[in-house]
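Q: coordinates only, sequence not included:
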């Protein structure tokens with residue numbers, strides 16, 4: 001069994017590298033199955049399409065205007081992991097809250113797009 005190499009190496013928005021604070025959650029696009037139960041037990045499942053997502057928290061440096069993140073639309077979000085895996089979110093839109101935390105100059109992020117996949 002191989003060893004786990006956890007962590008994120010970098011996150012970029014249209015090629016501009018952004019410093020991440022802590023964990024980033026990646027959701028691959030595709031079909032999600034949901035169990036359907038009947039009175040006699042498992043009846044089957046239904047399939048719901050799921051968009052790709054990138055969620056987390058970033059530091060906001062002097063040269064990054066939070067408005068540019070809030071207005072991010074139709075771009076590419078790339079996340080490179082410490083183990084060499086790369087997650088690509090195409091045609092991405094910012095879908096998070098429009099918050100900016102002054103104590104540490106951070107903001108939560110949430111981008112939704114399709115496809116969202118490991119490349």
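A: Nice, I can see it. Because the structure is predicted, anything quoted here is derived from the model rather than measured. Numbers count the residues shown, from 1 in each chain.

Q: I'd like the distance between the residue lying closest to residue 22 once chain neighbours are set aside and residue 23.
A: Leaving out its chain neighbours, the residue that sits closest to residue 22 by Cβ to Cβ, 6 or more residues apart in numbering is residue 57, at 6.0 Å. No exception for glycine: its C-beta is placed from N, CA and C like everyone else's. According to Cβ to Cβ, to the nearest Å, residue 57 and residue 23 sit 8 Å apart.

Q: Whichever strand or helix holds residue 10 pairs with which strands?
A: Element membership of residue 10 [criterion: DSSP states H and E] is strand 8-13. Here strand 8-13 has these sheet partners by DSSP bridges: strand 16-18 (antiparallel), strand 73-81 (antiparallel).

Q: what about it, average pLDDT?
A: Model confidence over strand 8-13, given as mean pLDDT, is 90.

Q: Stretch 37-49 too?
A: Across stretch 37-49, the average pLDDT comes to 92.

Q: what residues does it touch?
A: 29-36 (Cβ atoms under 8 Å, 6 or more residues apart in numbering).

Q: buried set for it?
A: For stretch 37-49, the buried set under the neighbour-count rule, 16 or more other Cβ atoms under 10 Å, is empty.
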